[in-house]
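Novice: Let's see this in three dimensions:
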Amino acid sequence: MRHTRDMAHIEMHPENPQARLVTKTVDLLKEGGTIALPTDSGYAIACTLGNKEGMDVIRQIRKLDEKHNFSLLCHSFAQLGELVIVDNHQFRTIKALTPGPYTFILQGTKVVPRMTLNKKKHTVGVRLPDHVITQTIVEALGEPLLCSTLIMPGEDEPLVDGHDVDDRIGNMVDLVIVGPVGLAEPTTVIDYTDGTAVIARKGAGDTSLFE
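Specialist: Numbering: from 1, shown residues only. Coordinates of the predicted model:
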């Protein structure tokens, strides 16, 4: 989507996101836009599944290579289950920890566009965030959002303030949603690529279950 600054940023209510603004955001996403939005663990940059231009924008902002696992922001556990292959043990673990600040890396199903998957391992991250604004947008869109935690190159922690996000990357995305984040840490990443749980990144989520 060609970037315009007429909707540089919008402020969403953290508990009752304004329907008018949610609709505007969903329309923008469906038109191929890329957004920055608050989640339960810092800000994320997101676009719709299969949006190659949006993926390129995310890679450009974060200076990512092609080995990076993108994540899918899901509205429900049922939606998550359509996107990745989950065995019974993984099912119980993910069910127990979500919604919450976790990213689970698993084999993608045929529902996930091939270009979204890790090229060598055919994996993708899935998230079920505990955040009203994120959940409201994903539910209204009717499909998961492709995203990456907004950690700037050379930094270790995600951006957490919407106005700071707008100042730093507002000219690179189509919309910045200003709202509070849940926690100021990135998600804890649990990698199930080889079948067993490996803590790939220790972040906001409790990892005692895996230690």
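Novice: In the chain, what residue spans correspond to strands?
Specialist: Here the chain has its strands, by DSSP state E, at 9-11, 35-39, 42-48, 71-73, 102-107, 123-127, 145-149, 175-178, 188-191, 198-201.
Novice: Need those in CSV (columns: mean neighbour count, mean pLDDT and distance to Thr134).
Specialist: For the C-beta atoms, the positions are set from N, CA and C on the backbone; glycine is no exception. Putting the strands of the chain into CSV (neighbours: other C-beta atoms under 10 Å; pLDDT from 0 to 100; distance: least, C-beta to C-beta, whole Å) gives the following:
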stretch, mean neighbour count, mean pLDDT, distance to Thr134
strand 9-11, 17, 94, 15
strand 35-39, 27, 98, 5
strand 42-48, 26, 97, 8
strand 71-73, 26, 97, 6
strand 102-107, 24, 96, 13
strand 123-127, 26, 96, 9
strand 145-149, 25, 96, 8
strand 175-178, 23, 97, 9
strand 188-191, 22, 96, 17
strand 198-201, 14, 95, 19
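Novice: Those strands into a markdown table, with extra columns for distance to Lys95?
Specialist: Output for the strands of the chain, formatted as a markdown table (distance: least, C-beta to C-beta, whole Å):
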| stretch | distance to Lys95 |
| --- | --- |
| strand 9-11 | 33 |
| strand 35-39 | 20 |
| strand 42-48 | 22 |
| strand 71-73 | 17 |
| strand 102-107 | 11 |
| strand 123-127 | 13 |
| strand 145-149 | 21 |
| strand 175-178 | 28 |
| strand 188-191 | 13 |
| strand 198-201 | 19 |
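Novice: Ile85 is nearest to which of the ones you listed?
Specialist: strand 102-107 (4.4 Å; C-beta to C-beta).
Novice: could you dump the closest one to PDB, C-alpha only?
Specialist: Extracted C-alpha coordinates of strand 102-107, given in PDB (Å, rounded to 0.1, in the frame of the first residue of the first chain):
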ATOM      1  CA  TYR A 102       4.100 -16.000  24.500                       C
ATOM      2  CA  THR A 103       5.100 -16.800  21.000                       C
ATOM      3  CA  PHE A 104       5.100 -20.500  20.000                       C
ATOM      4  CA  ILE A 105       7.100 -21.500  17.000                       C
ATOM      5  CA  LEU A 106       5.500 -24.500  15.200                       C
ATOM      6  CA  GLN A 107       5.100 -26.100  11.800                       C
END
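Novice: Check the offset of that strand from the chain's centre.
Specialist: 12 Å (C-alpha atoms, centre = their mean, to the nearest Å).
Novice: how far off strand 123-127 does that strand point, in degrees?
Specialist: Angle of strand 102-107 versus strand 123-127, following axes from the mean of the first three to the mean of the last three C-alpha atoms, to 10 degrees, is 150 degrees.
Novice: quick one: contacts of strand 102-107?
Specialist: 69, 71, 84-86, 90, 94, 121-128, 187-193, 200-201, 205 (C-beta atoms under 8 Å, 6 or more residues apart in numbering).
Novice: Which residue is the nearest non-sequential neighbour of the residue nearest the centre of the chain?
Specialist: Per C-alpha atoms, centre = their mean, the C-alpha nearest to the average position across the chain is that of Cys147, at 3.5 Å. Of all residues not flanking Cys147 in the chain, Ala46 sits nearest, at 3.9 Å (C-beta to C-beta, 6 or more residues apart in numbering).
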